[in-house]
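# Attaching a predicted model along with its sequence, questions to come.
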Amino acid sequence: MSTGALYNDQQGGAEAAVEAGQETTPTSSGTGAAFGLFSTDFKKNEDLKEMLESNKESLKLEAMKRIVQLISKGKNASDLFPAVVKNVASKNIELKKLVYVYLVRYAEEQQDLALLSISTFQRALKDPNQFIRASALRVLSSIRVPIIVPIMMLAIKEAASDLSPYVRKTSAHAIQKLYSLDPEQKEQLIEVIEKLLKDKSTRKRREEEERRRGAADGRIGRPHAGPSIKKAHVVSDVMTQHSLPPWHLN
């Protein structure tokens, strides 16, 4: 089974559904109806908080499934952050995955609360599950606080050497965020990019793409481009595939 298929099987589309959800504003012809909707949503969130704070894993898991479903429909569930983040260290892998789906969505909005759990996110970078490792890095890179720059840098470097292509790809996305937070990290980040350029999976995709381009242009059998041109194409391809920052071309 491919890494992509494994990831999809593990997630069941939860993360994709969350990212696809859009904020919606309820419309009503009267303030009474609007207030009624607000009251219903408030009560629903209070019920979810109670479930998340229970001692039963089954209730917590059911709560997280409902929360992810709400987000996928465009509902705002940010007020549940304190209750959700308490479960980030759960031993239940299914619950843990859903918690990270939520945290990736809201960590940037709730930075102060996310910062309180930073040690837990650091431990998650060593988790046996590739989705948890990648999600922990995504959450860390969403916390826009200069004090954690050294932690982010170390996490990105380690992720760039991860055995999982999915985690390595996540490290590439995190590079852009760290650079925007602290441009002085440019030289160290370039070193990480150089490592990603040597990634076998990246080279394989690039070679396949070159073969397709050659076949389309009728260039099969022609001499290869020079080293400098090759490297320029490599950098361009990796930037496209991994969303790497453009300053690497300088």
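In hand now; what should we look at?
# Pull up the per-residue confidence for residue 40.
Model confidence at residue 40, expressed as pLDDT, equals 53.
# and if you look at residue 142?
90.
# Start the count at 54 instead of 1 going forward.
Yes, from this point I'll number from 54; that puts the last item at residue 195.
# Quick check: it touching residue 231?
No. With contact defined as Cβ atoms under 8 Å, residue 195 does not count as touching residue 231 (11.1 Å). C-beta here means a position set from N, CA and C on the backbone, and glycine is covered the same way.
# neighbour count winner among the two?
Counted by other Cβ atoms under 10 Å, residue 195 and residue 231 do not tie: residue 231 has more neighbours, with 24 against 19.
# tell me which element that one falls in.
helix 218-234 (DSSP states H and E).
# so what does that helix touch, helix or strand wise?
Under the contact criterion of 3 or more Cβ pairs under 8 Å, 6 or more residues apart in numbering; DSSP states H and E, helix 218-234 touches helix 56-64, helix 183-195, helix 202-213, helix 239-250, helix 280-295.
# 10 Å instead?
The contact analysis (3 or more Cβ pairs under 10 Å, 6 or more residues apart in numbering; DSSP states H and E) places helix 218-234 against helix 56-64, helix 183-195, helix 202-213, helix 239-250, helix 253-270, helix 280-295.
# Got the domain ranges for this structure?
Residue ranges for the domains of the chain, per automatic domain parsing: 99-159, 164-263+292-303.
# Lowest average pLDDT across those?
Ranked by mean pLDDT, the domains of the chain bottom out at domain 164-263+292-303, with a mean of 85.
# Contact partners for the closest residue to residue 171 other than its chain neighbours?
With Cβ to Cβ, 6 or more residues apart in numbering as the criterion, residue 171 has its nearest non-adjacent residue at 6.5 Å, and that residue is residue 201. Contact partners of residue 201, counting by Cβ atoms under 10 Å, 6 or more residues apart in numbering, are 164, 167-168, 171, 174-175, 193-194, 208, 231, 234.
# Can you report how many residues lie near residue 103?
12.
# same check, this time on the one 4 residues further on
Neighbour count of residue 107, defined by other Cβ under 10 Å: 13.
# and if you look at residue 196?
22.
# Is residue 187 in contact with residue 225, as I believe?
No. Using Cβ atoms under 10 Å, residue 187 is not in contact with residue 225, being 11.2 Å away.
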